[in-house]
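Chemist: Pasting a predicted model and its sequence here:
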Amino acid sequence: MIAFVTRNTSAATGQRFEIRTAREEGIPLMGMYATQENRPYTIPEELHRIPIVDWTWANISTFLSRL
């Protein structure tokens, strides 16, 4: 699962539920910053210890190749 991370992620209860559920189910998860300008000041608890990278095709390819 790729979770797009923005300043709105902390308030996005549905997104946080999906991330939490993916973690509980053992689904591979990576966070991806949606834009350089919209990075959050704090990372929600559900994304702690999850890699969060810039949104690039190389990062998407790397994640998918690990599945």
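Modeler: Okay, I see it. Numbers count the residues shown, from 1 in each chain.
Chemist: CA only for contacts and neighbour counts going forward, please
Modeler: OK.
Chemist: what comes up buried for the biggest helix by length in the chain?
Modeler: In the chain, assigned by DSSP state H, the helix with the most residues is helix 13-24. Of the residues in helix 13-24, 15-16, 19, 23 count as buried by neighbour count, 16 or more other CA atoms under 10 Å.
Chemist: Tell me how many other residues surround residue 4.
Modeler: The number of residues packed near residue 4 is 17, by other CA atoms under 10 Å.
Chemist: looking at this, it is in a strand?
Modeler: Yes. Residue 4 sits within a strand when classified using DSSP: H, G, I helix; E, B strand; the rest coil.
Chemist: From the chain's centroid, how far away is stretch 56-63?
Modeler: Remark: stretch 56-63 is offset 13 Å from the chain centroid, using CA atoms, centre = their mean, to the nearest Å.
Chemist: now do stretch 23-30
Modeler: On CA atoms, centre = their mean, the centre of stretch 23-30 falls 11 Å from that of its chain.
Chemist: what mean pLDDT does that stretch have?
Modeler: For stretch 23-30, mean pLDDT rounds to 96.
Chemist: which stretches of this protein form strands?
Modeler: Assigned by DSSP state E, the chain shows strands spanning 2-5, 30-33, 52-54.
Chemist: Run a quick check on residue 28 versus residue 67, I expect a contact.
Modeler: Yes. Between residue 28 and residue 67 there is a contact under CA atoms under 8 Å: 7.4 Å.
Chemist: which one of the two has more residues nearby?
Modeler: Remark: of residue 28 and residue 67, residue 28 carries more neighbours, 14 against 7, as counted by other CA under 10 Å.
Chemist: Contacts only, for that one.
Modeler: Contact analysis of residue 28 by CA atoms under 8 Å, 6 or more residues apart in numbering lists 1, 22, 67.
Chemist: Quick check: the gap between it and residue 50.
Modeler: From residue 28 across to residue 50, the span is 10 Å (CA to CA, to the nearest Å).
Chemist: so what's the closest residue to residue 19 other than its chain neighbours up against?
Modeler: Nearest non-adjacent residue to residue 19, counting by CA to CA, 6 or more residues apart in numbering: residue 46, 6.4 Å away. Counting by CA under 8 Å, 6+ apart, residue 46 touches 16, 19-20.
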